[in-house]
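Visitor: Next one to model:
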Amino acid sequence: MCSSRNDTLPLILAFADKIILVLLGLFFSFEIREAPPLGDSRQVAISIYNITIFGTCGLILTILLERTPINLFVFCSTLVVCCTTIKLIVLFLPLVRKLHLNFYF
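Guide: Below you'll find the predicted structure:
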């Protein structure tokens with residue numbers, strides 16, 4: 001495994017732009033959470049909070065498990081799959097439910 005004495009700095013630089021984008025998304029979701037014209041603003045806010053929580057967990061796991069790459073891969077890929085699944089359920093389940101109710105009733 002390749003490593004250096006100062007391997008924390010490249011890791012911070014690699015995550016810096018992603019952290020900025022997530023913080024920007026948190027700000028926007030906080031600002032639009034009560035907007036009445038946007039019917040799905042609550043779901044979007046929940047999805048962004050979900051991404052923030054899973055991203056923070058992934059960052060912590062990346063730092064803690066850097067010496068065991070197999071465990072790091074397993075945990076991070078599980079986080080990605082769970083985050084994506086939860087995001088899709090939160091965003092599209094109300095729409096599918098509404099379409100289902102309108103179709104049968």
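Visitor: Now do the helices in this structure.
Guide: Under the criterion DSSP state H, the chain contains helices at 8-32, 41-64, 69-104.
Visitor: a markdown table please, covering these and showing mean neighbour count and mean pLDDT.
Guide: Every C-beta, even on glycine, is put in place using the N, C-alpha and C of the backbone. Conversion of the helices of the chain to a markdown table gives the following (neighbours: other C-beta atoms under 10 Å; pLDDT from 0 to 100):
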| stretch | mean neighbour count | mean pLDDT |
| --- | --- | --- |
| helix 8-32 | 12 | 80 |
| helix 41-64 | 16 | 86 |
| helix 69-104 | 12 | 88 |
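Visitor: Tell me which residue is most central in the chain.
Guide: The C-alpha lying nearest the average C-alpha coordinate of the chain belongs to residue 51 (C-alpha atoms, centre = their mean; 1.6 Å).
Visitor: Now that one: closest residue in space that isn't a chain neighbour?
Guide: residue 83 (6.2 Å; C-beta to C-beta, 6 or more residues apart in numbering).
Visitor: Okay, residue 84 and residue 49: tell me how far apart.
Guide: In this structure, residue 84 and residue 49 are 15 Å apart, going by C-beta to C-beta, to the nearest Å.
Visitor: thinking again about what came up before, next, the contact list for the residue nearest to the centre of the chain, please.
Guide: 22, 25, 83, 87 (C-beta atoms under 8 Å, 6 or more residues apart in numbering).
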